[in-house]
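Undergrad: Here's a sequence, model it:
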Amino acid sequence: MTQRVIEILASEKNPVAWLVKCVRLMELWGEIVDERVGKQTEPLRLKNKILYVATTSSTWAQELTFLKKEIIKKFNIRAGEEAIKDIRFLAKGDKISGRV
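TA: Sure, this is the predicted structure:
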């Protein structure tokens, strides 16, 4: 019985499990980037393996775009799976389409 409950909760079709997984994955951001970057950024949402990250300025968004491949690699290693395929950096004031 307990194993079945665990399987149900772990299912990606379960909205609660998906929310918990997204929160856990977004918390990895602070472990992957250094303190300097962490102070200038905030993960906003994860959808379709795309991580949306807010930055304090367009300069930060552009700078981090150059480091995107390295960050994705570190993120997925830390997550233990291919959790993200892309990162979209959004400067303060940019809008994300769709639900957050």
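
Undergrad: Just the mean pLDDT for the helix or strand encompassing residue 72, thanks.
TA: In the assignment (DSSP states H and E), residue 72 maps to helix 68-79. Averaged across helix 68-79, pLDDT comes to 96.

Undergrad: how about the next helix or strand after it: buried residues?
TA: Reading on from helix 68-79 to the C-terminus, the next helix or strand found by DSSP H and E is strand 86-91. Within strand 86-91, the residues that count as buried by 16 or more other Cβ atoms under 10 Å are 87, 88, 89, 90. (Each C-beta comes from the backbone N, C-alpha and C, glycine too.)

Undergrad: Identify the residues contacting strand 86-91?
TA: Contact with strand 86-91 is made by 41, 44, 49-58, 60-62, 64-65, 68, 71-72, 96, as judged by Cβ atoms under 8 Å, 6 or more residues apart in numbering.

Undergrad: Now do the buried residues in the one helix or strand residue 22 maps to.
TA: Residue 22 belongs to helix 15-27 when elements are defined using DSSP H and E. Of all the residues in helix 15-27, those buried under the rule 16+ other Cβ under 10 Å are 21, 22, 25, 26.
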